[in-house]
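here is my input, please return the structure:
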Amino acid sequence: MKKAVTRLLFGCLMFSLLLFTMLFTCGAQTPAMAASYLDIQDFCGEIYAYDCYGHRVDHEWFWQSPITIENPYFFPEIESIIFFPQVGKSYEYSRDRVHFFSLSKGMTISGIEDLIVQEVLSYNAVFVLEEDNLTIAVQQGGYLAEPPEAPVREGEVFLGWKEEGQDEIFDFETTPITQNYVFIPCY
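Residues are numbered from 1 along each chain as shown. Now for the predicted structure:
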């Protein structure tokens, strides 16, 4: 009888430990802790969701864009999402609806809470001038045929515009605009 009680207590303890591990290592959320939205609009490509153990999670709704979910805590098992955009498409993501970051092929984003994914249809080319900056919107993959005239500096010869942080002059005629750029004059 003592062995049976010991086994029963041991079994209950192991079950409790397993349940505790599953709840807290997989990042399960309660409705009170839930995020407010998941918003993926007009995504062309493949999206894969994984749980905390690296196993793929299949939800039929997840692969149809647009996806807008007000309470994603209904899917607490989703720990990360991997995006594979269609060739020629560019996307960006945000967690705060203010700061957006480029979404590259095969990029893994942890969690689905407060996540927005949207297609990038144009980029900004910002030219740093003496007094002000000039921002030109360029359609995705387009070319900037004529950059603005360079600011005049007495005694210096303007060589061209270079991307901030780069040493080479940017070739506007042959290089498509595929991201946001900041250009500074090179003398």
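
hey, where'd the helices end up in the protein?
Here the chain has its helices, by DSSP state H, at 2-25.

separation between residue 78 and residue 186?
47 Å (CB to CB, to the nearest Å). (Each C-beta comes from the backbone N, C-alpha and C, glycine too.)

of these two, who's got more company?
Between residue 78 and residue 186, residue 78 has the larger neighbour count (other CB atoms under 10 Å), namely 22 against 17.

got the contact list for the more buried one?
Residues in contact with residue 78 (CB atoms under 8 Å, 6 or more residues apart in numbering) are 49, 50, 51, 57, 72, 111, 112.

tell me how many other residues surround residue 112.
22.

I should have written residue 146 there, sorry.
Residue 146 has 9 neighbouring residues, counting by other CB under 10 Å.

residues contacting it?
Residues in contact with residue 146 (CB under 8 Å, 6+ apart) are residue 172.

what about it, distance to residue 43?
On the measure of CB to CB, residue 146 and residue 43 end up 34 Å apart.

what does residue 113 give?
Applying CB to CB, the value for residue 113 to residue 43 is 18 Å.

looking at the two, which is more packed in?
residue 43 (22 against 18).

wait, doesn't the more buried one sit right on residue 117?
Yes - counting by CB atoms under 8 Å, residue 43 does reach residue 117; the two are 6.0 Å apart.

what sits in contact with each of the two?
Shared contacts of residue 43 and residue 117 (CB under 8 Å, 6+ apart): 83, 91.

go through stretch 93-113 and flag the buried ones.
By 16 or more other CB atoms under 10 Å, the buried positions in stretch 93-113 come out as 93, 94, 100, 103, 111, 112, 113.

ok, so of those, who is nearest residue 137?
Nearest to residue 137, judged by CB to CB, of the buried residues of stretch 93-113 is residue 100 at 14.8 Å.

got the confidence number for the closest one?
For residue 100, the pLDDT comes out at 79.

which residue, other than its chain neighbours, is closest to it?
Distance criterion CB to CB, 6 or more residues apart in numbering; nearest residue to residue 100, sequence neighbours excluded, is residue 92 at 4.2 Å.

so what pairs up with the one you found in the strands?
residue 102, residue 118 (DSSP bridges).
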